[in-house]
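Undergrad: Dropping a prediction and its sequence here:
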Amino acid sequence: MRTILGARILLRTLRTTTVVKRIEKLEARVGMFIESLEGAWQDNPFGQRRFLLRSETEVDLIKNSRITGIYINLAKGIDVDGSSRSFAKNPPSRVAPPRKPVPDSRRATVRVVQASVKRLETAFRQSQNGEPIDIASVSGIVGDISTQIGDSPAILLDITRLKSKDKVTFVHSVAVSALLVHFARHLQFEEPLAHLLGFAGLVHDIGKLSIPTEVLTKTGILTVEEREIIMQHPAIGHDVLKRQGNLPGVVLDICRHHHERMDGKGYPDGVFAGELSLYVRMSAICDVYDALTSVRPYKKPWSSAMALSWMLQHGDHFDIPLLWKFIISLDKELTRGVA
């Protein structure tokens, strides 16, 4: 059964005499103010309801989505023909402004991390039981993380460093999501794209649910057979997400290829740099950085500077110019001593 997203908002808007009209999704254009998207919640590519279309990237996301129509507010944005009633001469910038840290940010961040891990674990377990992934729930987690990190992920990352053995995959996924959102904002990506990358970060390791716990939490050196089992998780996760049937290609791409390397010696497909998208390269950086600086069953955490220095010495693994942009995006205390 199809539903209209944001119905309550739409009704409230109509009551206040705002002019709202329905258009086809292919009529979307930059400068339109979206009141609501028509279709199922999981078909919403933005994870939000009311917003201004600021770029062609956002327009393309709508046109290529599975929504069935759009409700636009003519008092806040342009019409199909480009005309405007009270549209501001200078629309908001394409990138969302940095969010201010909330009061008592550490305790607030702890609550967000704990709630995010719990919700993500529930969504993953449902998938493991053969149920569809709860897109709305996972998208909501990204929203919470995006708001909490503000213009710096330092506090959240500090909290996620302390992982219990049974929560490693979930907490790591929250950290990678936060890093990808932060990195995307630093690169001045539009906020919907940053949100999408954050979503990909949350589900990139979903394939690990199919790996035996004793292998994932082993404290000693993995055998050849155990390492081969671990190396299957990107392909397994890709298959799980592909069966979902309604996830953007960038999410599937990151899930399958976040362990690939620039020299073609990664896994599971051994693809070379020329076949790795910018988003995959970003995910590889964020994934390894968090893994190196976190407690794992088989190792102690490295300092941020030690991890970044090691990564810079491995151009065969990473896109080094992109890695430098990541380093520049981080707080100074996380990069002091990088060489």
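TA: Perfect, thanks for sending it.
Undergrad: Direction included, what does the strand or helix carrying residue 71 pair against?
TA: Here residue 71 sits within strand 69-73, counting by DSSP states H and E. Its sheet considered, strand 69-73 pairs with strand 20-23 (antiparallel), strand 33-38 (antiparallel) by DSSP bridges.
Undergrad: so which of these is the most packed in?
TA: When these are scored by mean count of other CB atoms under 10 Å, the highest mean neighbour count falls to strand 33-38 (a mean of 23). (Glycine included, C-beta is placed from N, CA and C.)
Undergrad: May I have that strand exported as PDB, CA atoms only?
TA: Taking Å, rounded to 0.1, in the frame of the first residue of the first chain, the C-alpha atoms of strand 33-38 are listed here in PDB:
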ATOM      1  CA  PHE A  33      11.000  23.300  -2.100                       C
ATOM      2  CA  ILE A  34       9.800  19.700  -1.300                       C
ATOM      3  CA  GLU A  35       6.900  19.400   1.100                       C
ATOM      4  CA  SER A  36       6.600  15.700   0.800                       C
ATOM      5  CA  LEU A  37       7.500  12.800  -1.400                       C
ATOM      6  CA  GLU A  38       4.800  10.400  -2.600                       C
END
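Undergrad: elements contacting the very next helix or strand once past it?
TA: Next in sequence after strand 33-38, counting helices and strands by DSSP H and E, comes strand 51-52. Secondary-structure packing of strand 51-52 (3 or more CB pairs under 8 Å, 6 or more residues apart in numbering; DSSP states H and E): strand 33-38.
Undergrad: ok, back up a step: quick one: which of the strands paired with strand 69-73 is nearest residue 170?
TA: Distance to residue 170, taken as CB to CB, is lowest for strand 33-38 among the strands paired with strand 69-73, at 29.3 Å.
Undergrad: re the thing from before, where among the strands paired with strand 69-73 is the average confidence lowest?
TA: With a mean of 86, strand 33-38 has the lowest mean pLDDT of the strands paired with strand 69-73.
Undergrad: one step back: need the strands paired with strand 69-73 in TSV with distance to residue 51, can you?
TA: Formatted as TSV, those follow (distance: least, CB to CB, whole Å):
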stretch	distance to residue 51
strand 20-23	14
strand 33-38	6
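Undergrad: wait, residue 280 sits on residue 261?
TA: No - using CB atoms under 8 Å, residue 280 is not in contact with residue 261, being 10.8 Å away.
Undergrad: longest helix of the protein?
TA: If you go by DSSP state H, the chain has its longest helix at helix 105-128.
Undergrad: Tell me the helix or strand right after that one.
TA: Remark: after helix 105-128, the chain's next helix or strand is helix 135-149, criterion DSSP H and E.
Undergrad: What are the buried residues along that next one?
TA: 135, 138, 139, 141, 142, 144, 145, 146, 148, 149 (16 or more other CB atoms under 10 Å).
Undergrad: next one: stretch 265-274
TA: Quick answer for stretch 265-274 (16+ other CB under 10 Å): 266, 267, 268, 271.
Undergrad: tell me the average confidence for that stretch?
TA: Mean pLDDT, computed over stretch 265-274, is 96.
Undergrad: how many neighbours does residue 80 have?
TA: 14 (other CB atoms under 10 Å).
Undergrad: Name the helix or strand for the residue nearest in space to the middle of the chain, please.
TA: The centroid of the chain falls nearest to residue 198 when counting by CA atoms, centre = their mean (1.0 Å). Here residue 198 is covered by helix 191-203, with elements defined by DSSP H and E.
Undergrad: so what pLDDT did residue 175 get?
TA: Predicted confidence (pLDDT) for residue 175: 93.
Undergrad: got it, and residue 315?
TA: Each residue has a pLDDT score; the one for residue 315 is 93.
Undergrad: Double-check that it belongs to a helix.
TA: No - Residue 315: not assigned to a helix; according to DSSP: H, G, I helix; E, B strand; the rest coil it is coil.
Undergrad: which residues does the nearest residue to it once chain neighbours are set aside contact?
TA: Using CB to CB, 6 or more residues apart in numbering and skipping residues adjacent in sequence, the residue nearest residue 315 is residue 262, 6.8 Å away. Residues near residue 262 by CB atoms under 8 Å, 6 or more residues apart in numbering: 272, 273, 276, 315, 316, 317, 318, 319.
Undergrad: which one of the residues you listed sits closest to residue 183?
TA: residue 319 (12.2 Å).
Undergrad: Give me the distance between that closest one and residue 56.
TA: Residue 319 is 25 Å from residue 56, where distance means CB to CB, to the nearest Å.
Undergrad: who's more crowded, those two?
TA: Set residue 319 next to residue 56 and count neighbours by other CB under 10 Å: residue 319 wins out with 19 against 12.
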